[in-house]
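Trainee: Would you be able to build a 3D model of this:
(2 chains)
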Amino acid sequence: MRTSGGKKKLIAAVCSQWLPCPASDCRVNQTNYHSFLIHTTGDAMGEIITRFPPSPTGYLHVGGARTALFNWLYARKTGGTFILRIEDTDLERSTEASVQAIFDGLEWLGIDWDQGPFYQTQRFDLYKEVIAKLLEEGHAYWCTCTPEEIEEMRETARANGEKPKYNGKCRERHLGPTEGAVVRFKVPLAGATAFEDMVKGRISIPNAELDDFIIQRSDGSPTYNLAVAVDDLTMKVNTILRGDDHVNNTPKQILILQAMGETVPTYGHVPMVLGSDKARLSKRHGATSVTEYRDMGILPDAMINYLARLGWSCGDQEFFTREDLIEKFNPDHIGRSPGVFDQEKLLAINHDHIQQKPAEEITEALLPYLEKAGIQVADRDQLVKAVKTLAPRSHTLVEMAENARFYFEGIKEYDPKMAKKAFKPAAVDALLAMKEALAAVDEFTESHLEAPFHAVMEKLEVGFGKVAQPLRLAVSGTGASPGMYEMLEVLGKEETLKRIDDAVAHIRALG
RNA sequence: GUCCCCAUCGUCUAGCCUGGUCCAGGACACCGGCCUUUCACGCCGGCGACAGGGGUUCAAAUCCCCUUGGGGACGCCA
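Mentor: Below is the predicted model of the structure:
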């Protein structure tokens, strides 16, 4: 990893800062935040407290899922606490359906939370309190500039080759609250706000780059940066792993925290997930919602394995079980450069997980996909056996369900290409001979099914292919099937014989 | 435009902090072979990268600078 000097040391230093943190408790109590404090066990002992704070404006996308995963993994690995917080201060765009979609996504991935879900809309009193205090102490001020005026300021700045910003017009006007006024945070004019990022190292942003951003809208609601800072503080979050796109928000949050006289958490900014064209991953690149991958037949464990390895590494290891991930996750090995989401590799990892997991587990996971495919399975044991034969040749559960179909439904159509080759008139003799030989087998299991083939081959003086290919097509309807003996065992004697009859009739009908 | 961040095979990455063991390792994909009753699995092999340029050094993928390229942010969104 491209680690800037002394990163590990710094993380340790920042962590120890949280070991004896009674000070923050005192201050919090003084300002009456106590009613909002989240009670976590042992946070005074330096426990890692992480959080995932989605805004409910859509489904859970893969980038968000990865951030959630990293925070969850870190909390689980260290025996810390993982908090779920719904950032719904945007009353316009937040929806109940999105909240549910996010829950669904997290549940599917097996990411559970210890605290929450907390909703920011239920904490407006707290934010108001903080804003009042900030106002009182001169860290914030009322602003009556209209959106049009502000747009003008931005234009002016742009024309001067500067970053478009609010120009601080109301900063020293000492206005009081009036209808339609907003509250702005007073950002220091000089200096810079810097922090030690867990993944990127030291990041420093000149305060002059920031403008006096709004912390309370004209309708009285708090804005994102204010709410986040207050929440992270009162929830005692001490480790924040989040997307790269938040780097520019970090100084704002730090400034608010410092104005409140509080210590700041440790931040770690994870690079974005990109599409194949290296642009930020979006819908035009394909599926971006984690539940779409569920629908495609990806195993949740494979998904988190893939997501974890996209931007994080543990030497050369590629395959991780869930337990492995928890045991080995280490934020020190989060990479600094953005990564391209590669569905091919996800499929490959999924394939590995399908092969590694016990057939019983895969069978259980397969059930909903069979149902969706309209495939009825009466015998669960038979299904488990079928799964064993299908696992090495399935990349997704959807594919596996489809490949399983021939076991449980009769053959509707023989693959025309194969039929042309294997269903020649001569095949009838082979099929009939096989029927006779198989009918004589008492124990219809894989190990007892080889002998009848050899008997027939000798009798008819033909090679294996001449016997096996017509039979394969007869019982599976296709030229690509699981191994012959295992397949016949799953099918069972009765069904096998019936399908041979059907095939013979089919060939004879062809004339 | 301004600021911030990033830069190893097509892709995910190891190595970089603590320079030499790296004419750069693994995985996906691709190509070839083996195995084989099909399709797969598996195994073996191949292709393929330190963005460019300057330094520093006996020695640089590793440290420094510049250039180029990419990404992000610049909202009464989060």
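Trainee: use CA for all of it now, contacts and neighbours both
Mentor: Noted.
Trainee: for chain A, which spans come out with low pLDDT?
Mentor: Applying pLDDT under 70 to chain A flags the ranges A:1-45, A:511.
Trainee: Give me the three-state assignment for the spatially most central residue of it.
Mentor: The centroid of chain A falls nearest to residue A:65 when counting by Cα atoms, centre = their mean (3.3 Å). Look at residue A:65: counting by DSSP: H, G, I helix; E, B strand; the rest coil, its state is helix.
Trainee: Next, the contact list for it, please.
Mentor: Neighbouring residues of residue A:65 by Cα atoms under 8 Å, 6 or more residues apart in numbering: A:105-106, A:290, A:307.
Trainee: now these in TSV, with secondary structure and distance to RNA strand B?
Mentor: Listed next are the contacts of residue A:65 as TSV, based on DSSP: H, G, I helix; E, B strand; the rest coil; distance: Cα to the nearest atom of the strand, whole Å:
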residue	secondary structure	distance to RNA strand B
A:105	helix	17
A:106	helix	17
A:290	helix	18
A:307	helix	8
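Trainee: Most neighbours among those residues, which one?
Mentor: When neighbours are counted by other Cα atoms under 10 Å, residue A:290 leads the contacts of residue A:65 with 27 neighbours.
Trainee: Now do the contacts for that one.
Mentor: A:60-62, A:65, A:105.
Trainee: And the residues you listed, which two are furthest apart?
Mentor: A:62 and A:105 (9.7 Å; Cα to Cα).
Trainee: Contact residues of the stretch 301-450 of chain A facing RNA strand B?
Mentor: Residues of the stretch 301-450 of chain A found near RNA strand B (Cα under 7 Å from any atom of the strand) are A:309-318, A:333-342, A:344-345, A:348, A:352, A:392-394.
Trainee: So which of these sit within helices?
Mentor: Under the assignment DSSP state H, these contribute A:309, A:344-345, A:348, A:352 to helices.
Trainee: ok, of those residues, which come out buried?
Mentor: Buried by 16 or more other Cα atoms under 10 Å: A:309, A:348, A:352, out of these.
Trainee: Apart from its chain neighbours, what residue comes closest to the second one?
Mentor: In space, and not counting its chain neighbours, residue A:348 is closest to residue A:395: 6.8 Å by Cα to Cα, 6 or more residues apart in numbering.
Trainee: quick one, what contacts the one you found?
Mentor: By Cα under 8 Å, 6+ apart, the neighbours of residue A:395 are A:347-348, A:350-351, A:354.
Trainee: Over to residue A:441?
Mentor: Counting by Cα under 8 Å, 6+ apart, the residues that residue A:441 touches are A:448-449, A:452.
Trainee: Can you report phi and psi for the residue of the stretch 201-350 of chain A found nearest RNA strand B?
Mentor: With Cα to the nearest atom of the strand, the shortest gap between the stretch 201-350 of chain A and RNA strand B falls at residue A:311, namely 2.8 Å. Dihedral angles of residue A:311 (phi, psi; degrees, to the nearest 10) stand at phi 110, psi 0.
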